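[1] Return a 3D structure for these sequence lines:
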Amino acid sequence: MPQTLNTLKTIAKDECQGANATLQCDGWTGENHHHLLGFMMTAQRKICLQRLQLHTVKVHDASRDPQAAKELLQQILEAISKIETEWGATVVACTTDASGESQKAHCLLREKFPHLVVPDCVAHQ
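    Next up is the predicted model:
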């Protein structure tokens, strides 16, 4: 099973080379009381405009992290770096849920990368 997953991950990364990507982040608390942050990427290659691909970039256990905007921003920056270096895609937008720390992280992200589109999440309004 691990070999199959690695093969699929390699294929997915190859397909995302040169794509424009949006980063989505959402947090939740599991029944085991662990607070998890999921980072997903939707990628679209310029040569195949009709085919969007959604991929899990990483899941971070934030249970022991301070729930602060700067910590969330750090996790977002790590996800952007991973997408651009490991997946070969260019992040053009990033959205998170509508919590206070997420909104603050949005502002900090906009300051750091003014070229990124950073919309509010419509689903969390």
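[2] The one helix or strand residue 14 maps to packs against which elements?
    According to DSSP states H and E, residue 14 maps onto helix 2-16. Judged by 3 or more C-beta pairs under 8 Å, 6 or more residues apart in numbering; DSSP states H and E, the packing partners of helix 2-16 are strand 35-44, strand 53-61. Using the backbone N, CA and C atoms, a C-beta is placed for each residue, glycine as well.
[3] and residue 114, which of these is closest to it?
    strand 35-44 (20.8 Å; C-beta to C-beta).
[4] could you give the angle of the longest helix along the chain to strand 35-44?
    Selection of the longest helix in the chain by residue count, based on DSSP state H, yields helix 69-86. Going by axes from the mean of the first three to the mean of the last three C-alpha atoms, to 10 degrees, helix 69-86 is angled at 40 degrees with respect to strand 35-44.
[5] Determine which stretch of the helices and strands packed on helix 2-16 is the most buried.
    Most buried of those, by mean neighbour count (mean count of other C-beta atoms under 10 Å): strand 35-44, with a mean of 19.
[6] low-confidence ranges in the chain?
    45-51, 122-125 (pLDDT under 70).
[7] now do 80
    Within the chain, the ranges that satisfy pLDDT under 80 run 1-2, 11, 44-53, 67, 98-99, 120-125.
[8] quick one, what contacts residue 62?
    Applying C-beta atoms under 8 Å, 6 or more residues apart in numbering to residue 62 gives the contacts 27, 35-37, 71, 75.
[9] So what sits opposite residue 61 in the bridge?
    Under DSSP bridges, the beta-bridge partners of residue 61 are residue 36.
[10] going forward can the numbers begin at 743, since that is how I track them
    Okay, using 743 as the starting number, the last item reads as residue 803.
[11] That one is in contact with residue 772, isn't it?
    No - with contact defined as C-beta atoms under 8 Å, residue 803 does not count as touching residue 772 (9.6 Å).
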